[in-house]
Every structure is written in C-alpha cells, then in structure tokens.
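Q: Compute the structure for the input listed below.
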Amino acid sequence: MEIRKMQEGKGLIMEIDGRLDTNAAPKLLEEINESLKEGVGSFVLDMKNCDYVASSGLRVILNAQKKMNALHGTMVVKNVINDVMEVFEMTGFADILTFE
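A: A predicted model of the protein is given here:
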C-alpha cells in the first residue's frame, strides 16, 4: 500500500493505493497518528485506488474519525469503490463515517 499526503491550509488529504490489510494497517495508523494533530481542521481519506479493506484497516479508519472528533474537526472518506463500500455497509461503518 502507498500513502500520499497533501496539506491544504488546515485540511489534510491522504490518498491510499492498494490493499488496506493486516500488513498495511500499521503503516496507515502511524501516518494518521503523526499527521492528525492540533491545527488540522479537516481530514479527507481518498480511497479511489484502495481495492480491499480488512478489519484491521477498519479499526485504523475508526481511529482517524475519533482523532478528528477530539480535534473538533471533520473527516470525509471519498471515492470508495463498490466492493469496499459493501464492507463499510456490512460492518455498520457506513452509519458512522461521512462518505462522498
């Protein structure tokens, strides 16, 4: 999995490419923990090139949402492919997260 970050003012966009599986989740968690700090008002997780999400990846995404809530910011998950969206829906994450 590859991660690209772009800072735009108080907003952070993070694009992930590849599989968000058990091997990749710790890398994404580390990037999120380093990046989501005081001063970040919005976080966009762009998943257009992510073709698989494991339960460990779901936990990392939920962790990011909790961090943004603590920072009183917003988080949006965007460009989710249908197969991955089904995972979000089956696990109830579609009710917790904001999607575009």
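Q: contacts, neighbours, all on C-alpha from now
A: Noted.
Q: Return the set of buried residues in the longest helix anywhere in the chain.
A: For the chain, the longest helix by residue count, based on DSSP state H, is helix 55-70. Within helix 55-70, the residues that count as buried by 16 or more other Cα atoms under 10 Å are 56-58, 60-61, 64-65, 67-68.
Q: Looking at these, spot the one nearest residue 93.
A: residue 58 (8.2 Å; Cα to Cα).
Q: pLDDT value on the closest one, please?
A: On pLDDT, residue 58 comes in at 97.
Q: Please work out which residues outside the longest helix of the chain touch it.
A: Identification of contacts with helix 55-70 by Cα atoms under 8 Å, 6 or more residues apart in numbering yields 20-22, 24-25, 28-29, 32, 36, 41-43, 74-75, 97.
Q: Specify which member of those is nearest to residue 86.
A: Nearest to residue 86 among these, with distances taken as Cα to Cα, is residue 97, at 13.6 Å.
Q: Tell me how many other residues surround the closest one.
A: 14 (other Cα atoms under 10 Å).
Q: Report the contact partners of the residue of the chain most remote from its centre.
A: In the chain, the residue that sits farthest from the middle, by Cα atoms, centre = their mean, is residue 9; the gap is 18.8 Å. If a contact means Cα under 8 Å, 6+ apart, then residue 9 has no contacts.
Q: Let me know the pLDDT of it.
A: Looking at residue 9, its pLDDT reads 92.
Q: Quick one: mean pLDDT over the longest strand anywhere in the chain.
A: As assigned by DSSP state E, the longest strand anywhere in the chain is strand 42-53. Across strand 42-53, pLDDT averages out at 97.
Q: That strand pairs with which strands, parallel or anti?
A: Strand 42-53 sits in its sheet next to strand 11-20 (parallel), strand 74-78 (parallel), going by DSSP bridges.
Q: and stretch 26-42, which residues are buried?
A: Buried residues in stretch 26-42, defined by neighbour count with 16+ other Cα under 10 Å: 27-29, 32, 36, 40-42.
Q: circling back: so of the contacts of helix 55-70, which two are at opposite extremes in space?
A: 22 and 41 (28.4 Å).
Q: For the residue lying closest to residue 12 once chain neighbours are set aside, list the residues it contacts.
A: Leaving aside its sequence neighbours, residue 12 sits nearest to residue 43 (Cα to Cα, 6 or more residues apart in numbering; 4.9 Å). Residues in contact with residue 43 (Cα under 8 Å, 6+ apart) are 11-14, 68, 73-76.
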